[in-house]
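J.: this one's structure only:
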């Protein structure tokens with residue numbers, strides 16, 4: 001079974017990462033999709049400069065388009081899934097604690113709602 005790249009869905013059915021991506025420029029969307037393809041093809045062996053560990057089980061896809069830097073936070077879930085649960089256009093070198101905390105909350109919610 002191949003790995004899947006899936007979007008986190010909240011209790012109201014919203015997919016915040018998908019919504020974030022669709023609000024970017026066409027060029028940025030293309031670069032984001034390129035990195036998704038790399039994650040799909042290379043899965044756990046993909047490394048720098050495309051991914052980095054954030055905290056615990058939270059990882060970030062690192063995407064650069066023109067002068068903009070994006071981070072899409074994800075974690076691996078049973079059934080060979082990369083669950084994308086938070087995205088930001090970076091304003092500084094570091095991810096904010098608020099962004100990391102939100103990502104961890106979404107990860108915990110996803111696990112609670114999808115445990116067998």
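T.: Happy to help now that I have it. Because the structure is predicted, anything quoted here is derived from the model rather than measured. Numbers count the residues shown, from 1 in each chain.
J.: from here on, contacts and neighbour counts on C-alpha atoms
T.: OK.
J.: you'd agree residue 89 is up against residue 68?
T.: Yes: the criterion here is CA atoms under 8 Å, and residue 89 meets it with residue 68 at 7.1 Å.
J.: Which one's more surrounded, those two?
T.: Shown here are residue 89 and residue 68; by other CA atoms under 10 Å, residue 89 has more neighbours (15 against 11).
J.: check contacts around residue 70.
T.: 61-64, 87-90 (CA atoms under 8 Å, 6 or more residues apart in numbering).
J.: quick one: it is in a helix?
T.: No: counting by DSSP: H, G, I helix; E, B strand; the rest coil, residue 70 is not found in a helix; it is strand.
J.: which residue sits closest to it, ignoring its sequence neighbours?
T.: Closest residue to residue 70 apart from its sequence neighbours, by CA to CA, 6 or more residues apart in numbering: residue 89 at 4.5 Å.
J.: who touches the one you found in this structure?
T.: 68-71.
J.: go on, residue 76?
T.: Residue 76 makes contact with 57, 82-83 under the criterion CA under 8 Å, 6+ apart.
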